[in-house]
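[1] structure, please.
(2 chains)
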Number of protein chains: 2
Amino acid sequence: MLFLPVSTELTGPSWVLSYICGMEQLFSYEQLFSFSKAIFQKIGCTEADAFTATTVLLSADLRGVDSHGVARLSGYVRLWDAKRINASPAIKIIHETPSTAVVDGDSGLGLVVAPAAMQVAIDKAKAVGTGWVSVQNSNHFGIAGIHAMMALPHDMIGIAMTNASALVAPTFSTEKLLGTNPIAVAIPAGEEQAFVADFATTTAANGKLEILQRKNEPTPLGWVQTKEGSPSINAAELKQGGALLPLGGDRDHGSHKGYMLGSIVDIFSAILSGANYGPWVPPFPAYIPMPENMPGKGIGHFFGAMRIDAFRPAADFKTNMDQWIRRFKTAETVKGIDSVIIPGEPETAMEAFRRENGIPLLQAVSDDLKALGQQFEVAL
Amino acid sequence: MLFLPVSTELTGPSWVLSYICGMEQLFSYEQLFSFSKAIFQKIGCTEADAFTATTVLLSADLRGVDSHGVARLSGYVRLWDAKRINASPAIKIIHETPSTAVVDGDSGLGLVVAPAAMQVAIDKAKAVGTGWVSVQNSNHFGIAGIHAMMALPHDMIGIAMTNASALVAPTFSTEKLLGTNPIAVAIPAGEEQAFVADFATTTAANGKLEILQRKNEPTPLGWVQTKEGSPSINAAELKQGGALLPLGGDRDHGSHKGYMLGSIVDIFSAILSGANYGPWVPPFPAYIPMPENMPGKGIGHFFGAMRIDAFRPAADFKTNMDQWIRRFKTAETVKGIDSVIIPGEPETAMEAFRRENGIPLLQAVSDDLKALGQQFEVAL
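    So this is what the prediction gives:
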């Protein structure tokens, strides 16, 4: 989750420019959309799947989660090239009850598999109040939040999580056994905008380490450890055998809680579905060999949808949500901060800004996209 | 969650004695059970309710969560005395669908309301795969983990959460708007013992601050803040207008994630059910006045049960869980640590030890219980 102090500069270009430090070129959403969709079609996606994959992928750029957006497009293509992604998957339910299902993604793009699985959860919630879907045989699904948000127009709470390749050491370990394993929860409100939490279960996301590496700056203590498990402030520690740390950072600050959260995401996503878990989750970069003796199929996700009126009349719920949001938003703040942030608020503001003003891409990213375009004869 | 390094001393009295520093008298489980049950009956609970309440309350003492066990018995009695707890509640489902329910606890002991609501979740899971129950009009329910664990014998995953009176400041705020809002998830395994996570969504639980206060020691940075919102290491900061901090501690270390987790617990427990939320949750100490303009009824809880075989054959799931647990347990460790801890492992060891060797109580706690016994003519 993008989570920055809301200030008067939030909607102005100076704030955006300071945030995007080092980014150089602006592209319109429409431009990136038509480019990405064409690329997905070139690798064999149907038009409908390419549309879905592009919508999900670019939702990250719109919402300010630049690490998970179009910058990853060529990574997905390389996975397809390495035959780790099936561009025309037969996504199917392989087991179900009235409120649950396991979906086999048939090695498809997670960007396509995830919305299909979330739709199953929503349909089940329509029928019996809630729907819960665990997914095997998938790939990276972009940002978790966008899938959880699919529930909102149905007056449902949406939940999305996924496991990912291991970068995180459990408390007291030197081994990387968990991914950054994000959790997203989207909750409808009435007049206020929806509450949308979306966060990795680590202290900091890997993308933030990359930004610090580019700036040649240290990390705060509690983000990474050395390969021996000692505290470190080296933003490049992962390249030297170190690991990301679970939310909390160290035992004194509750890292066992981050470790538990990441573990729960891993188990719900992969052991309930029959996907790979722990250190056996397939890597995103296609050049990294697959783990040996994989116990399951592909990457795992977990989705939930809960119909509000399966609990209370939606109008009553929304009245209380509005009161909750307003009470928190107007709470007294520490000096120098204008207001407490409601989860999802900065991303919505960012989306409005970027839809109007364009999406800034690092030179390296736009160069990469142009090379991809040349390979597939698609103009950016 | 009790989460200490597993070491060779774990099962020996020296480890227990060093952990329980300051505790003086040992009581057998049976002794505390018959005393507590008699007290609950004296305030008007049926024998069955008194049995349930005692089982839940003392599970905290057995599992090493001393702050939530029999030390709170007189606190529950004072709430009854203040007419904030109804000893003979008519607990009822006020709304339901095949996979959901809202339960009204009728101001009953949370220790009794919670197991009843969790049973509803389990029954619904038997019928349609999963069950989800939000509870209004309840009181403090002891430790979350014991309710989640009710699912285990049914080959189900159990989930339990509750809100609590506000002690925690959201990121960037100086106001206390959230409780320590714990989350528990219990997941069955095969030959290995179950995975049981149970943790407050703050950096540290309030009980740990009390231990440091007694020892006159400072807290690590990131546990509490002053009333102005500055970092503090004063274990008594809450008494001076300060606040507990969400898991993460500060913005750089992901406190917004702890704030989001605590908020999700609050909303699932109270806004889905019609209980009180945020700063309006009733306090545990009976001498603290109730908040003004309360928007709901009592305290809220949220429970979930997911049948494993609603996703996959339970045997396959358990085989994978055993592999997961063994892989993590045998992971390489940082120097000085014997093994990575699986959530629930230290509590199970503690329970075995205390069932055999007794439960140590602080002098102040046993004095308080004896006074309570005199009041109700029950011998400890």
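
[2] how far is stretch A:133-150 from where the chain is centred?
    8 Å (CA atoms, centre = their mean, to the nearest Å).

[3] now swap in stretch A:98-116 and tell me
    Averaging C-alpha positions (CA atoms, centre = their mean) puts stretch A:98-116 16 Å from its chain's average.

[4] flag every buried residue along that stretch.
    Within stretch A:98-116, the residues that count as buried by 16 or more other CB atoms under 10 Å in any protein chain shown are A:98-116. For the C-beta atoms, the positions are set from N, CA and C on the backbone; glycine is no exception.

[5] CA atoms of it as PDB?
    Output of stretch A:98-116 as PDB, limited to C-alpha atoms (Å, rounded to 0.1, in the frame of the first residue of the first chain):
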ATOM      1  CA  PRO A  98     -21.800 -23.900  -1.600                       C
ATOM      2  CA  SER A  99     -19.400 -21.400   0.000                       C
ATOM      3  CA  THR A 100     -15.900 -22.600  -1.300                       C
ATOM      4  CA  ALA A 101     -14.000 -23.600  -4.400                       C
ATOM      5  CA  VAL A 102     -10.500 -24.500  -5.500                       C
ATOM      6  CA  VAL A 103      -9.600 -23.100  -8.800                       C
ATOM      7  CA  ASP A 104      -6.900 -24.500 -11.100                       C
ATOM      8  CA  GLY A 105      -5.400 -21.600 -13.000                       C
ATOM      9  CA  ASP A 106      -3.800 -23.900 -15.600                       C
ATOM     10  CA  SER A 107      -0.500 -21.900 -15.400                       C
ATOM     11  CA  GLY A 108      -2.300 -18.800 -16.700                       C
ATOM     12  CA  LEU A 109      -1.400 -15.200 -16.000                       C
ATOM     13  CA  GLY A 110      -2.300 -14.500 -12.400                       C
ATOM     14  CA  LEU A 111      -3.600 -11.200 -13.800                       C
ATOM     15  CA  VAL A 112      -6.400 -13.200 -15.500                       C
ATOM     16  CA  VAL A 113      -6.700 -16.200 -13.100                       C
ATOM     17  CA  ALA A 114      -7.300 -14.000 -10.000                       C
ATOM     18  CA  PRO A 115     -10.300 -12.000 -11.300                       C
ATOM     19  CA  ALA A 116     -11.900 -15.300 -12.500                       C
END
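
[6] residue of the stretch 151-300 of chain A nearest chain B, please.
    Using CB to the nearest CB, the single residue of the stretch 151-300 of chain A nearest to chain B is A:Gly229, 3.3 Å away.

[7] okay, now that residue: neighbour count?
    Close neighbours of A:Gly229, defined as other CB atoms under 10 Å in any protein chain shown, add up to 21.

[8] hmm, back to that, so which of the buried residues of stretch A:98-116 are in helices?
    The members of these that map onto helices under DSSP state H are A:Gly110, A:Leu111, A:Val112, A:Val113, A:Ala114, A:Pro115, A:Ala116.

[9] from these, pick the one nearest B:Leu369.
    For those, the minimum distance to B:Leu369 (CB to CB) is 53.4 Å, reached by A:Ala114.

[10] interface residues of the stretch 101-250 of chain A facing chain B?
    By the rule CB under 8 Å from any CB of the partner chain, the part of the stretch 101-250 of chain A lying against chain B is A:102, A:128-130, A:132, A:134, A:157, A:170-175, A:177, A:185, A:187, A:195, A:197, A:199, A:201-204, A:220, A:222-223, A:228-230, A:247-249.

[11] now the strands for chain A?
    With DSSP state E as the definition, chain A shows strands at residue ranges A:23-27, A:92-97, A:100-104, A:130-138, A:156-162, A:183-187, A:195-199, A:224-225, A:231-232, A:243-244, A:299-307, A:359-362.

[12] would you list these in CSV and tack on mean pLDDT?
    CSV is the format used below for these (pLDDT from 0 to 100):
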stretch, mean pLDDT
strand A:23-27, 83
strand A:92-97, 98
strand A:100-104, 98
strand A:130-138, 99
strand A:156-162, 99
strand A:183-187, 98
strand A:195-199, 98
strand A:224-225, 97
strand A:231-232, 96
strand A:243-244, 97
strand A:299-307, 99
strand A:359-362, 95
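
[13] now tabulate the ones you listed in CSV and tack on distance to A:Glu345.
    Output for these, formatted as CSV (distance: least, CB to CB, whole Å):
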stretch, distance to A:Glu345
strand A:23-27, 22
strand A:92-97, 36
strand A:100-104, 32
strand A:130-138, 27
strand A:156-162, 17
strand A:183-187, 13
strand A:195-199, 9
strand A:224-225, 29
strand A:231-232, 33
strand A:243-244, 26
strand A:299-307, 22
strand A:359-362, 19
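
[14] can I have the buried ones of the residues of the stretch 101-250 of chain A next to chain B as a PyMOL selection?
    Those of those that count as buried under 16+ other CB under 10 Å are selected in PyMOL with:
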select buried, chain A and resi 102+128+129+130+132+134+157+170+171+172+173+174+175+177+185+187+195+197+199+201+202+203+204+220+222+223+229+247+248+249
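
[15] excluding chain neighbours, what is closest to the closest residue to chain B within the stretch 251-380 of chain A?
    The nearest approach of the stretch 251-380 of chain A to chain B comes at A:Val334, 3.3 Å away (CB to the nearest CB). Nearest non-adjacent residue to A:Val334, counting by CB to CB, 6 or more residues apart in numbering or on different chains: B:Gly229, 3.3 Å away.

[16] wait, the one you found touches B:Ala169, no?
    Yes: if you go by CB atoms under 8 Å, B:Gly229 and B:Ala169 touch, sitting 7.0 Å apart.

[17] hang on, A:Tyr318 packs against A:Pro188?
    If you look again at residue A:318, you'll see it is Lys, not Tyr. Yes: using CB under 8 Å, A:Lys318 is in contact with A:Pro188, at 6.6 Å.

[18] more neighbours: which of these two?
    Neighbour totals were compared for A:Lys318 and A:Pro188, and A:Pro188 leads with 23 against 20 (other CB under 10 Å).

[19] so who does the more buried one touch?
    Going by CB atoms under 8 Å, 6 or more residues apart in numbering or on different chains, A:Pro188 touches A:Ala151, A:Leu152, A:Asp155, A:Met156, A:Ile157, A:Ala194, A:Ile308, A:Ala314, A:Phe317, A:Lys318, A:Met321.

[20] 10 Å instead?
    For A:Pro188, the contact set (CB atoms under 10 Å, 6 or more residues apart in numbering or on different chains) comprises A:149, A:151-158, A:194-196, A:308, A:314, A:317-318, A:321.

[21] quick one, what contacts A:His301?
    A:103, A:105, A:110, A:113-114, A:117-118, A:133-136, A:138-141, A:144, A:147, A:160-163, A:265, A:268-270, A:273, A:275.

[22] if we go to 7 Å?
    A:His301 sits next to A:Ala114, A:Ala117, A:Val135, A:Ser138, A:Phe141, A:Met161, A:Thr162, A:Ser269 when contact means CB atoms under 7 Å, 6 or more residues apart in numbering or on different chains.

[23] pipe the residues you listed into TSV and attach distance to B:Gly298 per row.
    TSV is the format used below for these (distance: CB to CB, whole Å):
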residue	distance to B:Gly298
A:Ala114	38
A:Ala117	36
A:Val135	38
A:Ser138	42
A:Phe141	39
A:Met161	30
A:Thr162	36
A:Ser269	34
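
[24] ok, those residues vs B:Val365, which is closest?
    B:Val365 lies nearest to A:Met161 out of these, by CB to CB, at 40.1 Å.

[25] and that closest one, how many neighbours?
    27.

[26] how about the contacts made by it?
    A:Ala144, A:Asn181, A:Pro182, A:Ile183, A:Val265, A:Phe268, A:Ser269, A:His301, A:Phe302.

[27] so A:Glu332 makes contact with B:Thr174?
    Yes: contact criterion CB atoms under 7 Å: A:Glu332 and B:Thr174 qualify, at 4.9 Å.

[28] can you pull out the helices in the stretch 151-300 of chain A?
    For the stretch 151-300 of chain A, applying DSSP state H, counting those that start in this stretch gives helices covering A:206-215, A:255-266.

[29] other SSEs contacting the last one?
    Where contact means 3 or more CB pairs under 7 Å, 6 or more residues apart in numbering or on different chains; DSSP states H and E, helix A:255-266 is packed against strand B:195-199.
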